[in-house]
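1. coords please:
(one chain, ligands or ions: 1)
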Amino acid sequence: MDTEPGVRGVAVITGGSRGIGAATAIAAANAGWSVLLTYRKDERAGDEIVQTILMAGGRASSIRADMAHEDDITAIFEAADKLGTVTAFVANAGIAASQSRVDELTPSRIAELLAVNVAGPLLASGHAVRRMSTLHGGAGGGIVLVSSVASRLGAAGEYVDYAASKGAIDTLGVGLAREVAAEGIRVNVVRPGVIDTDIHGRNGRPDRAKELAHTIPMHRTGHAAEVAAAIIWLLSDEASYCTGSILDIAGGR
Ligand code: NAP
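-> Here you go, the predicted structure:
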């Protein structure tokens, strides 16, 4: 551990069992947060990240939660309260369905995507604010929302629904940041480009990252740890005058 474990309070990281969320959970523990990470299905993957953190001398635990379920979101924050004071929240969990045109989208796909990618982060942000805001007796904190460069590119022919859901996240970040700026909470957004994680395989195109590498100005895909580093910086005191920002981590894409 780079810093004494738990000294920064509790960091809640949704979707912390894999990819960007897992890298963020490890980096947050290294930076001195007690980590509560969530997973949706894969308990073993969540356990592995918790074990990695514990073996390195950090503090971490995991909880199963579906961001589409209001009760699960409440349970995340109740579990976090038992660990200490919540000072950081990373809304990372997100889904993108298989490649599809808008004229092929089904109502059930749209409903699930908006529930997980938009309603979940909105509800969870409310829980975080109720704990952190000086208006509610809290001591402040930081929130980082994980969007995507798809929000400005639009993802035509791939998944415009996903891109639109991330556009909502960008707007949530700007609006919430202004709403709570005087209450000790900073809110920022990161927009990853093409990052080499399992998400592409889950959407039925496992080689997507490799295939797109040559189209990226830096001629390579990004690593989860590179996104995590930006998230941790935004949560840290080094970013003390940074709120309502949208930071692209996309190799120039
Ligand atoms: P990933 O490897 O697929 O990991 C997704 C994580 O979210 C897992 O921990 C998963 O848990 C969890 N999760 C999935 N559905 C959930 C649900 N309904 N409720 C709660 N948790 C759920 O994804 P990633 O690539 O790291 O992506 C993380 C975030 O970055 C997402 O918001 C994504 O949109 C964004 N992003 C990714 C890229 C990229 O190229 N990878 C680019 C731009 C933005 P289980 O494994 O248990 O299901």
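2. quick one: the helices in the protein?
-> 19-30, 43-55, 70-83, 107-114, 120-132, 150-153, 160-180, 199-202, 208-212, 224-235 (DSSP state H).
3. Out of those helices, which is the most enclosed?
-> helix 19-30 (a mean of 27; mean count of other Cβ atoms under 10 Å). C-beta: built from backbone N, CA, C; applies to glycine.
4. Quick one: mean pLDDT for that helix?
-> Averaging pLDDT along helix 19-30 yields 98.
5. Neighbours of A139, how many?
-> Neighbourhood size, A139 [other Cβ atoms under 10 Å]: 13.
6. just A65 next, same as before
-> Number of residues near A65 (other Cβ under 10 Å) recorded here: 25.
7. Can you check the pLDDT for it?
-> 98.
8. Hey, what's the angle from the strand ranked longest in the chain to helix 19-30? Just curious.
-> What stands out as the longest strand in the chain, according to DSSP state E, is strand 185-192. Counting by axes from the mean of the first three to the mean of the last three Cα atoms, to 10 degrees, strand 185-192 lies at 140 degrees to helix 19-30.
9. Which elements pack onto strand 185-192?
-> Judged by 3 or more Cβ pairs under 8 Å, 6 or more residues apart in numbering; DSSP states H and E, the packing partners of strand 185-192 are helix 120-132, strand 141-146, helix 160-180, helix 224-235, strand 246-249.
10. I'd like the average pLDDT over the second one.
-> Throughout strand 141-146, pLDDT has a mean value of 99.
11. rewinding a little: what's the closest of the helices and strands packed on strand 185-192 to R59?
-> With distances scored as Cβ to Cβ, the stretch of the helices and strands packed on strand 185-192 nearest to R59 is helix 224-235 (15.8 Å).
12. okay, the angle between that closest one and helix 19-30?
-> Going by the same axes, to 10 degrees, helix 224-235 makes 50 degrees with helix 19-30.
13. Just the CA atoms of helix 224-235, as PDB, please.
-> The C-alpha trace of helix 224-235 is given here as PDB (Å, rounded to 0.1, in the frame of the first residue of the first chain):
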ATOM      1  CA  ALA A 224      -7.900  -0.300 -17.600                       C
ATOM      2  CA  ALA A 225      -5.100   1.000 -15.300                       C
ATOM      3  CA  GLU A 226      -4.700   4.100 -17.400                       C
ATOM      4  CA  VAL A 227      -8.400   5.000 -16.900                       C
ATOM      5  CA  ALA A 228      -8.100   4.100 -13.200                       C
ATOM      6  CA  ALA A 229      -5.100   6.500 -12.700                       C
ATOM      7  CA  ALA A 230      -7.200   9.400 -14.000                       C
ATOM      8  CA  ILE A 231     -10.200   8.400 -11.800                       C
ATOM      9  CA  ILE A 232      -7.900   8.300  -8.700                       C
ATOM     10  CA  TRP A 233      -6.400  11.700  -9.600                       C
ATOM     11  CA  LEU A 234      -9.900  13.200  -9.900                       C
ATOM     12  CA  LEU A 235     -10.800  11.800  -6.500                       C
END
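14. List the contacts of it.
-> 11, 19-20, 22-24, 26-28, 31, 88, 90, 142, 144, 146, 186, 188, 190, 192, 195-197, 239, 242, 245, 247, 249 (Cβ atoms under 8 Å, 6 or more residues apart in numbering).
15. nearest residue to R59 other than its sequence neighbours?
-> S34 (4.0 Å; Cβ to Cβ, 6 or more residues apart in numbering).
16. Adding distance to E4, write the helices of the chain out as a markdown table.
-> As requested, these are exported to a markdown table (distance: least, Cβ to Cβ, whole Å):
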| stretch | distance to E4 |
| --- | --- |
| helix 19-30 | 11 |
| helix 43-55 | 14 |
| helix 70-83 | 15 |
| helix 107-114 | 40 |
| helix 120-132 | 21 |
| helix 150-153 | 37 |
| helix 160-180 | 28 |
| helix 199-202 | 33 |
| helix 208-212 | 36 |
| helix 224-235 | 16 |
